[in-house]
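A.B. asks: show me how the following folds:
(chains A and B)
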Amino acid sequence: EAGVAQSPRYKIIEKRQSVAFWCNPISGHATLYWYQQILGQGPKLLIQFQNNGVVDDSQLPKDRFSAERLKGVDSTLKIQPAKLEDSAVYLCASSLSWGNTGELFFGEGSRLTVL
Amino acid sequence: AQSVAQPEDQVNVAEGNPLTVKCTYSVSGNPYLFWYVQYPNRGLQFLLKYITGDNLVKGSYGFEAEFNKSQTSFHLKKPSALVSDSALYFCAVRDLSGTYKYIFGTGTRLKVLA
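C.D. replies: Residues are numbered from 1 along each chain as shown, chains lettered A, B, ... in the order given. Presented below is the predicted three-dimensional model:
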């Protein structure tokens, strides 16, 4: 079974530039999550999708971050314009469905460095 | 609000010795608790979970965790540590009060010394 795919693995940009990250969850997983992991901290949820609908985006900085999952499968997270404090690993995860008791399956992450 | 706390930033243990990584939680209602491990430059990998039932949960790679409701703890344990167990460990709780999101602790770095 293929795991959660993310790209790119690494990205270096200047502040005020834009960047986009892509995630393809495990086939059949209805719920998709984007987490931000700053060095030395635990993952922080940015946005949670159930199919193509947003369940929780309360911690997404909406003035600069956006995310979509148009067809309920893969997802894109965009940052525009980037700030120095956005330097982090962006983790995508998926699970079977919103209300089940199962665990999350994570991708390898996309490491962003903002200079 | 649901939360988890990992009181130790780092735990050092000698190879072959038992290890414990601590986690305490705060939830309203019954907790859904998880442990994940993260190796360098990798995503998080699921180790084990507690949903209901037996307080001692067994998981991957010989790890187990003990759920203690009175102490609101869910400590991760292994009887004999390996150098290859050295990694970052995260405890997580599932928020059942609204969006079912997973809330992660700050992580504990485990170093197993040869």
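A.B. asks: how about the CA coordinates for stretch A:31-45, as CSV?
C.D. replies: What follows is stretch A:31-45 as a C-alpha-only set of coordinates in CSV (Å, rounded to 0.1, in the frame of the first residue of the first chain):
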residue,chain,number,x,y,z
THR,A,31,-9.6,12.9,6.1
LEU,A,32,-6.5,14.9,5.3
TYR,A,33,-4.5,17.1,7.7
TRP,A,34,-1.7,19.7,7.3
TYR,A,35,0.5,20.2,10.3
GLN,A,36,3.3,22.7,10.9
GLN,A,37,6.3,21.5,12.9
ILE,A,38,8.7,24.1,14.0
LEU,A,39,12.1,22.8,15.1
GLY,A,40,11.9,21.6,18.7
GLN,A,41,8.1,21.6,18.8
GLY,A,42,5.3,19.2,18.3
PRO,A,43,3.2,19.3,15.2
LYS,A,44,0.5,22.0,15.1
LEU,A,45,-2.6,21.5,13.1
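A.B. asks: and it, average pLDDT?
C.D. replies: The pLDDT scores in stretch A:31-45 average 93.
A.B. asks: ok, and what's touching it?
C.D. replies: Residues outside stretch A:31-45 that contact it (CB atoms under 8 Å, 6 or more residues apart in numbering or on different chains): A:23, A:25, A:46-50, A:55-56, A:59, A:67, A:69, A:75, A:77, A:87-98, A:104, A:109, B:44, B:90, B:101-107. For glycine as for every other residue, the C-beta is placed from the backbone atoms N, C-alpha and C.
A.B. asks: give me the subset of these lying in strands.
C.D. replies: For the contacts of stretch A:31-45, membership in strands holds for A:23, A:46-50, A:55-56, A:67, A:75, A:77, A:88-95, B:44, B:90, B:102-104, with DSSP state E as the criterion.
A.B. asks: against B:Tyr25, how distant is B:Leu88?
C.D. replies: Counting by CB to CB, to the nearest Å, the separation of B:Leu88 from B:Tyr25 is 19 Å.
A.B. asks: actually B:Trp35, not the one I wrote
C.D. replies: Applying CB to CB, the value for B:Trp35 to B:Tyr25 is 12 Å.
A.B. asks: and if you look at A:Lys44?
C.D. replies: Taking CB to CB, one finds A:Lys44 at 17 Å from B:Tyr25.
A.B. asks: ditto for A:Leu60
C.D. replies: Noted for A:Leu60: a distance of 25 Å to B:Tyr25, by CB to CB.
A.B. asks: next, count neighbours for the closest residue in space to B:Gln71 that isn't next to it in sequence.
C.D. replies: Taking CB to CB, 6 or more residues apart in numbering or on different chains as the measure, B:Gln71 lies nearest to B:Thr24, with 7.5 Å between them; neighbours along the chain are not counted. Using other CB atoms under 10 Å in any protein chain shown, B:Thr24 has 17 other residues around it.
A.B. asks: okay, B:Thr24: pLDDT?
C.D. replies: With respect to pLDDT, B:Thr24 scores 97.
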